[in-house]
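**Q** predicted model and sequence follow; I will ask about them next.
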Amino acid sequence: MAIALEMWNGSVWVAITVGTRPMRRVRRAMRGAVGTATARTRRVARPAALCENHFGVPLLVSSLLLSYPAASLASYLVRYPLKEPGSSLPQTRRLPEGVGLPAFGSSTVTVGLLLVVLAAATYWFIDSRTVIGYEIRMTGLNPRLTAYAGVDRKGLTLRVMATSGALAGLVGAIGVLSFPYRFIDGALTAPGYTWTGLTGALLAAAAPLGTVLWSFFFAVLQVGGLSMERTTEVPRELTQVLQAIVIVFLAARLRLPRRRRKAAAGEPVAQGEFT
């Protein structure tokens, strides 16, 4: 969320101030936004990385805690200095005409979807075909072993945080440069994008393709729940119950075979484990 705020600042500022032709303006906006987010992400990621490297605080915990002041800062900016004059809603001015990502036909789906697919494909290639991808996977599986092998864990943590933060900021920029072409308070946090992506990554064991598929599945459930509530008056919370059921059954499916193998091999089973 912090990176989305930085990405939004860069994309809006560049989109308004540079370029004369619409498409050229969009390209410069995206390049400037990516550069701004990448540079500032290092500053935002530093406290979380320091907590991981020096105090053993998991990155998931520290990054989530740091998101609250970042979200509060974004809320302050959009409610006071950057608020649209004359509007009662906490939102910025609409981007100038022509400053936005091209849409597919008459829909609100933009080429931002292609950027997300490209980012997932790039992540898959780096994760499975490069040395740094191998180091990242091995560090996640066994940090002590990779440190013994000579991998710079601290530097690797900073690089991974900067890259992942820039990707999150790219999503924030896509949200601003697509309909409704403005930043609205809570637009990046209220829909639960963070938890949807996190859940998809956990269920897919961080596999790029699996993460995309699971995230798409949960997104379909959320969007379908809204339509279902409007047309049939069935509460959309039912989709959240369905998500929880899917997660519980999948987690049980992944855990039970491991416990059964332990029991078959005569290994001790921890208290509370199923046999």
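**A** In hand now; what should we look at?
**Q** rest of the way, CA atoms for contacts and neighbours
**A** Noted.
**Q** buried residues of stretch 105-121, list them for me.
**A** Neighbour-count burial for stretch 105-121, with 16 or more other Cα atoms under 10 Å as criterion, is recorded at 110-112, 116, 120.
**Q** of the residues you listed, which pair is most distant in space?
**A** Farthest-apart pair in these is Thr110 and Ala120; separation 16.8 Å (Cα to Cα).
**Q** which of the buried residues of stretch 105-121 fall in strands?
**A** Of these, none are assigned to strands by DSSP state E.
**Q** cross those against helices and list the overlap.
**A** With helices taken from DSSP state H, the overlap with the buried residues of stretch 105-121 comprises 112, 116, 120.
**Q** need those residues in TSV (columns: pLDDT and distance to Ala205).
**A** Converted to TSV, these look like this (pLDDT from 0 to 100; distance: Cα to Cα, whole Å):
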residue	pLDDT	distance to Ala205
Gly112	86	25
Val116	87	19
Ala120	88	15
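**Q** sec struct for Ala74, please.
**A** helix (DSSP: H, G, I helix; E, B strand; the rest coil).
**Q** now stretch 232-252: buried residues?
**A** 236, 239, 243, 247.
**Q** how far out from the middle of the chain is it?
**A** Stretch 232-252 sits 21 Å away from the centroid of its parent chain (Cα atoms, centre = their mean, to the nearest Å).
**Q** all helices of the stretch 1-150 of the chain, in order?
**A** With DSSP state H, counting those that start in this stretch as the criterion, the stretch 1-150 of the chain has helices at 2-17, 22-55, 59-79, 112-129, 131-141, 143-148.
**Q** quick revisit: any chance of JSON lines for the buried residues of stretch 232-252, columns distance to Ala74, secondary structure and pLDDT?
**A** Shown next, in JSON lines, are these (distance: Cα to Cα, whole Å; DSSP: H, G, I helix; E, B strand; the rest coil; pLDDT from 0 to 100):
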{"residue": "Arg236", "distance to Ala74": "28", "secondary structure": "coil", "pLDDT": "82"}
{"residue": "Thr239", "distance to Ala74": "29", "secondary structure": "helix", "pLDDT": "85"}
{"residue": "Gln243", "distance to Ala74": "29", "secondary structure": "helix", "pLDDT": "83"}
{"residue": "Ile247", "distance to Ala74": "32", "secondary structure": "helix", "pLDDT": "80"}
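**Q** so which of these is the closest to Leu60?
**A** For the buried residues of stretch 232-252, the closest approach to Leu60 (Cα to Cα) belongs to Ile247, at 19.2 Å.
**Q** any idea how far that closest one lies from Thr194?
**A** 16 Å (Cα to Cα, to the nearest Å).
**Q** how about Arg230?
**A** In this view, Arg230 and Thr194 are 25 Å apart by Cα to Cα.
**Q** could you do Tyr134 as well?
**A** In terms of Cα to Cα, Tyr134 sits 25 Å off from Thr194.
**Q** and Ile245, what does it touch?
**A** By Cα atoms under 8 Å, 6 or more residues apart in numbering, no residues touch Ile245.
**Q** for it, give me the pLDDT.
**A** For Ile245, the model assigns a pLDDT of 87.
**Q** what helix or strand is it located in?
**A** Ile245 belongs to helix 237-264 when elements are defined using DSSP states H and E.
**Q** which SS state does the residue nearest in space to the middle of the chain fall under?
**A** The chain has Ala168 as the residue nearest its centroid, 4.5 Å off, counting by Cα atoms, centre = their mean. Secondary structure assignment for Ala168 (three-state DSSP): helix.
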